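1. pasting the structure only:
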Ligand SMILES: Cc1cc2nc3c(=O)[nH]c(=O)nc-3n(C[C@H](O)[C@H](O)[C@H](O)COP(=O)(O)OP(=O)(O)OC[C@H]3O[C@@H](n4cnc5c(N)ncnc54)[C@H](O)[C@@H]3O)c2cc1C
């Protein structure tokens, strides 16, 4: 796009944009402090919700619950608790769901989860457990009128085998009651927009919110991408080339890459974003600022809602 071209992202009203932030439950006191500092920094941007992940195999069951409950008690934010089917019976998962309802949580991100043997091994459902995400969603809905978000994969989940099967699964999740999908992170916006076209052509009309990850650590992100089937474009690798021992420049590059991606999506009509914060506020805050979001405006918008 030439510099003189009209770019809607330069003029979009932040009041038209919606953002949500994802955190993971902290493992120790130091991480807990970092998390809460980040929550406090990002809260004034009035996100639609903030979500808290569930460790592989349910390993963070208590910590996820504790983090979500603290968000309910100490902030005005709307939390969404991630939940998987892995390594638990239906009764155990239902107990977690009921505990969330009792704690005032009304939004769950429902996932099948990774195989117990790790990514790349075959998935088998737990004996007496939920078979997969559509069954989990139905179970959640039977317990309470939760809002349910689910995952979506612009580059297809590695186990799907084909984009058609992948989108078929998304449809099953919507039919079971999901009203929002959040995508795996991606770096090539064309991939996401092509996926969106295919999802809409399949008759799926829920929001498919792009998941944006500011690359705090390129090596780690590339490793994670390799396991989850997300591609790392050559140009992205080049941008972080030679910065292994230069955290300050890395941070600037990470913010500029994420901002460029989000602004391009706004230029192409996207108005809702989910940020994988990695429990750090600074990059996400900077990108939101570039999107025109300001704490005062967010407060006014929250009051008017
Ligand atoms: C936004 C988001 C949030 C996430 N949060 C968490 C989290 O908090 N904790 C966590 O542990 N993980 C999380 N994950 C990762 C997720 O658990 C893994 O990607 C997991 O492998 C699939 O779970 P799902 O709900 O996405 O699967 P689904 O959407 O149910 O399925 C994914 C694909 O796998 C195929 N598939 C499903 N079941 C089978 C089967 N039995 N055999 C063959 N193919 C099958 C389907 O074709 C489907 O398209 C998250 C992912 C995303 C995108």
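-> Yes, it's here. Remember, it's a predicted structure, so these values are computed and weren't measured experimentally.
2. per-residue pLDDT, residue 203?
-> According to the prediction, residue 203 has pLDDT 98.
3. just give me the neighbour total for it.
-> Around residue 203 there are 9 other residues, counting by other C-beta atoms under 10 Å. From N, CA and C alone the C-beta is placed, and that goes for glycine too.
4. which helix or strand contains the nearest residue to it once chain neighbours are set aside?
-> Distances taken as C-beta to C-beta, 6 or more residues apart in numbering place residue 171 nearest to residue 203, at 7.4 Å, with adjacent residues excluded. Element membership for residue 171, per DSSP states H and E: helix 163-176.
5. then residue 50?
-> In the assignment (DSSP H and E), residue 50 maps to strand 49-52.
6. tell me which helix or strand comes right after that strand.
-> Remark: after strand 49-52, the chain's next helix or strand is helix 61-74, criterion DSSP H and E.
7. ok, and what's touching that following helix?
-> For helix 61-74, the external contacting residues (C-beta atoms under 8 Å, 6 or more residues apart in numbering) are 23, 25-27, 35, 39, 50, 52-55, 77, 79, 81-82, 96, 99-100, 103-105.
8. where do the helices sit along the chain?
-> Using DSSP state H, the helices of the chain run over residues 29-42, 61-74, 90-102, 133-143, 163-176, 189-201, 218-228, 234-240, 247-267, 282-290, 295-304.
9. closest to residue 16 out of those?
-> Nearest to residue 16 among the helices of the chain is helix 247-267 (9.2 Å), distances taken as C-beta to C-beta.
10. residues of the protein that sit close to the ligand?
-> Residues of the chain lying close to the ligand (C-beta under 6 Å from any ligand atom) are 53-54, 56, 82, 84, 109, 111-114, 123, 132-133, 151, 157, 159-160, 165-166, 169, 182, 184, 211.
11. can you flag the buried ones in those residues?
-> 53-54, 56, 82, 84, 109, 111-114, 123, 132-133, 151, 157, 159-160, 166, 169, 182, 184, 211 (16 or more other C-beta atoms under 10 Å).
12. skipping adjacent residues, who's closest to residue 93 in space?
-> Leaving aside its chain neighbours, residue 93 sits nearest to residue 130 (6.1 Å; criterion: C-beta to C-beta, 6+ apart).
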